[in-house]
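Peer 1: fold the stuff below for me.
(chains A and B)
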Amino acid sequence: QKEVEQDPGPLSVPEGAIVSLNCTYSNSAFQYFMWYRQYSRKGPELLMYTYSSGNKEDGRFTAQVDKSSKYISLFIRDSQPSDSATYLCALQIYNQGGKLIFGQGTELSVKP
Amino acid sequence: DVKVTQSSRYLVKRTGEKVFLECVQDMDHENMFWYRQDPGLGLRLIYFSYDVKMKEKGDIPEGYSVSREKKERFSLILESASTNQTSMYLCASSGRETGETQYFGPGTRLLVL
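Peer 2: Model prediction:
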């Protein structure tokens, strides 16, 4: 079993839809949770970062962490064609030299 | 703004060649990382370094080596390139503390023929 599981998609939605992207993990030692966005032929860039259970909101994006269920989500409201990208969850254990464990990435396409 | 640059965007090499991929960061970060990214497999850590001349194996170090002679520069070396090393290679850097964000370069798309 992989440490972090993410549905690879692809996921195709119409413009304006609410998008839900999810990851599950098996190791309860993970303490930091990040979402990266990667446009085609570019490197990933940090989108959201949280270290506690609950919700964190930034504009149209909400990151949700449920440590008891070992489940993290990224919600995108009012999705736009410019949101079309691959989204990667990344998890980190305290005191392991900054190593991140990535999910496989979900490819999202938002159609106008 | 953090900047991580990689020496090449696209590279074509022949089987058996020695390949050097270079990464430079300008934020005085202690940690640097090399990943490869393949469809369906996500990002897999090859090697990382938390200080000059220090290196640690990641999840898939076989067939690769690294060098970090200066803090800002981290090189990935394919000693004898093989076709199964055709991939997207991504470099990243971060500060020393746990929880620090990793900043990525644009990637090098390597094709080994």
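
Peer 1: contact partners for the closest residue to residue A:76 other than its chain neighbours?
Peer 2: Leaving aside its chain neighbours, residue A:76 sits nearest to residue A:19 (4.1 Å; criterion: C-beta to C-beta, 6 or more residues apart in numbering or on different chains). Where C-beta positions appear, they are placed from N, C-alpha and C, glycine not excepted. By C-beta atoms under 8 Å, 6 or more residues apart in numbering or on different chains, the contact list for residue A:19 reads A:11, A:13, A:75, A:76, A:79, A:83, A:108, A:110.

Peer 1: how far away is the closest residue to residue B:57 other than its chain neighbours from residue B:108?
Peer 2: Leaving aside its sequence neighbours, residue B:57 sits nearest to residue B:47 (C-beta to C-beta, 6+ apart; 6.2 Å). Note on residue B:47: its distance to residue B:108, by C-beta to C-beta, to the nearest Å, is 15 Å.

Peer 1: run through the bridge partners of whichever residue of chain B sits closest to chain A.
Peer 2: Residue nearest to chain A within chain B: residue B:104 (3.4 Å; C-beta to the nearest C-beta). Using DSSP bridges, the bridge partners assigned to residue B:104 are residue B:92.

Peer 1: isn't it right up against residue A:43?
Peer 2: Yes. Taking contacts as C-beta atoms under 8 Å, residue B:104 lies within contact range of residue A:43: 3.4 Å.

Peer 1: so for the two, which sits in the more crowded spot?
Peer 2: Shown here are residue B:104 and residue A:43; by other C-beta atoms under 10 Å in any protein chain shown, residue B:104 has more neighbours (24 against 21).

Peer 1: which SSE is residue A:23 in?
Peer 2: Per DSSP states H and E: residue A:23 is located in strand A:19-25.

Peer 1: show me the strands in chain B, by range?
Peer 2: Per DSSP state E, chain B carries strands over the ranges B:4-6, B:10-13, B:19-25, B:31-38, B:42-49, B:56-57, B:64-70, B:73-78, B:87-94, B:103-104, B:108-112.

Peer 1: redo those strands as TSV? Include mean pLDDT.
Peer 2: Listed next are the strands of chain B as TSV, based on pLDDT from 0 to 100:
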stretch	mean pLDDT
strand B:4-6	96
strand B:10-13	96
strand B:19-25	97
strand B:31-38	95
strand B:42-49	94
strand B:56-57	94
strand B:64-70	97
strand B:73-78	97
strand B:87-94	96
strand B:103-104	94
strand B:108-112	97
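
Peer 1: export those as CSV, with columns for distance to residue A:71.
Peer 2: Output for the strands of chain B, formatted as CSV (distance: least, C-beta to C-beta, whole Å):
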stretch, distance to residue A:71
strand B:4-6, 31
strand B:10-13, 38
strand B:19-25, 33
strand B:31-38, 24
strand B:42-49, 18
strand B:56-57, 29
strand B:64-70, 34
strand B:73-78, 34
strand B:87-94, 25
strand B:103-104, 25
strand B:108-112, 33
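
Peer 1: so which of those strands is nearest residue A:32?
Peer 2: Comparing the strands of chain B against residue A:32 with C-beta to C-beta, the closest turns out to be strand B:87-94 (11.5 Å).

Peer 1: now do the SS call for the closest residue to chain B within chain A.
Peer 2: The nearest approach of chain A to chain B comes at residue A:43, 3.4 Å away (C-beta to the nearest C-beta). Using DSSP: H, G, I helix; E, B strand; the rest coil, the secondary structure recorded for residue A:43 is coil.

Peer 1: ok, it - contacts?
Peer 2: B:4, B:90, B:92, B:104, B:105, B:106, B:107.
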